[in-house]
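Chemist: predicted model and sequence below, questions to follow.
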Amino acid sequence: MLAIPFPAIDPVIVDFGPLIGLPLAIRWYSVMWLGGCVLAWLYVRRFIARPPHAMSDRDASDFLFWAILATVIGGRLGYVGFYMPGLMLDNPLTLFAVWQGGMSFHGGLIGVIVAMILFARKRNLDLLAMSDAIACAAPIGLFLVRVANFINGELYGRVTDAPWGMVFPGGGDQPRHPSQLYEAALEGLVLFLILFFLSRSQAIRNKTGMLAGIFFIGYAAARGLVELVRQPDAHLGLLLGGATMGQLLSIPVLLLGLYLVIRAQRTA
């Protein structure tokens with residue numbers, strides 16, 4: 001069976017060795033994640049320069065810290081809570097073992113939503129307008145993180161006979177879908193371009209919440225589609241109705257997106 005060789009990029013850029021008993025290294029995942037946060041912040045600043053002005057440059061800069069903290073806390077809580085609840089019950093300290101990997105997009109999303117609600121109230125900002133700005137920038141980070149997942153050789157797809165299948169380290173000797181790249185393309189590049197071109201319409205921008213709703217719908221659709229070829233988590237397998245955990249968690253995201261789009265249309 002033909003397969004494209006996996007590039008085998010070292011996930012560790014610089015390894016400093018153990019420090020006080022904990023591993024210390026700079027990894028591509030960390031660089032991509034932080035780079036995505038910074039690029040998204042720069043894009044938000046550009047986005048809010050046009051009406052409706054969701055927030056000031058200072059607000060955008062201040063919220064960057066809130067967003068980073070919310071993503072880390074929410075992403076880790078979501079991963080342990082959604083994907084490894086039994087392990088957390090057996091050893092609660094697992095929650096803080098971030099060096100072992102494990103972040104959930106849906107958990108991070110919940111964290112950012114909570115942070116936006118609190119920040120908007122504190123600064124007296126329009127939450128929906130702020131959500132539009134953040135949503136239009138989010139695919140930048142999603143793209144880079146999915147590329148980092150590919151470099152790590154994790155979250156690979158199911159076995160395939162497609163000519164672009166790859167043999168991943170730890171994935172056996174059969175070629176698999178490079179599902180990380182599918183997600184990078186759909187959740188990242190395609191969704192960014194859709195939101196970018198829609199946001200150029202002032203009529204759509206004035207319907208606050210519309211762009212955020214489209215982001216939620218687009219993400220849920222992309223994630224649900226790619227999950228059809230992505231290898232389910234070994235300890236979870238297929239769940240209700242043959243769905244994966246990622247698909248089930250994307251259902252409320254889809255519903256929230258539909259609510260925001262319908263609300264934006266009715267209140268415009």
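Modeler: Here it is on my side, so go on. Residues are numbered from 1 along each chain as shown.
Chemist: is it true that G153 touches G170?
Modeler: Yes: the criterion here is C-beta atoms under 8 Å, and G153 meets it with G170 at 6.5 Å. The way it works is simple: take the backbone N, C-alpha and C, and place the C-beta from them, glycine included.
Chemist: those two: who's more crowded?
Modeler: G153 (18 against 7; other C-beta atoms under 10 Å).
Chemist: can you give me phi and psi for that one?
Modeler: phi 70, psi 30 (degrees, to the nearest 10).
Chemist: try R230
Modeler: phi -90, psi 140.
Chemist: neighbours of it, how many?
Modeler: R230 - counted by other C-beta under 10 Å - has 22 other residues nearby.
Chemist: neighbours of the residue nearest to it when sequence neighbours are not counted, how many?
Modeler: If the residues on either side of it in the chain are set aside, R230 comes closest to S179, at 4.1 Å by C-beta to C-beta, 6 or more residues apart in numbering. Applying other C-beta under 10 Å, we find 22 residues neighbouring S179.
Chemist: over to A8?
Modeler: 10.
Chemist: all strands for this structure, in order.
Modeler: Assigned by DSSP state E, the strands in the chain fall at 12-19, 22-27.
Chemist: what's the most buried one of these?
Modeler: strand 22-27 (a mean of 13; mean count of other C-beta atoms under 10 Å).
Chemist: pLDDT on that one, on average?
Modeler: Averaged over strand 22-27, pLDDT sits at 79.
Chemist: over to stretch 250-263?
Modeler: On average, stretch 250-263 scores 98.
Chemist: for stretch 157-168, same thing?
Modeler: For stretch 157-168, mean pLDDT is 94.
Chemist: what is the least confident helix or strand in this structure?
Modeler: For the chain, counting by mean pLDDT, DSSP states H and E, helix 85-90 ranks last in confidence among helices and strands (a mean of 64).
Chemist: distance of A137 relative to G111?
Modeler: According to C-beta to C-beta, to the nearest Å, A137 and G111 sit 16 Å apart.
Chemist: show me the helices in the stretch 51-200 of the chain, by range?
Modeler: 57-78, 85-90, 105-123, 127-152, 179-183, 191-199 (DSSP state H, counting those that start in this stretch).
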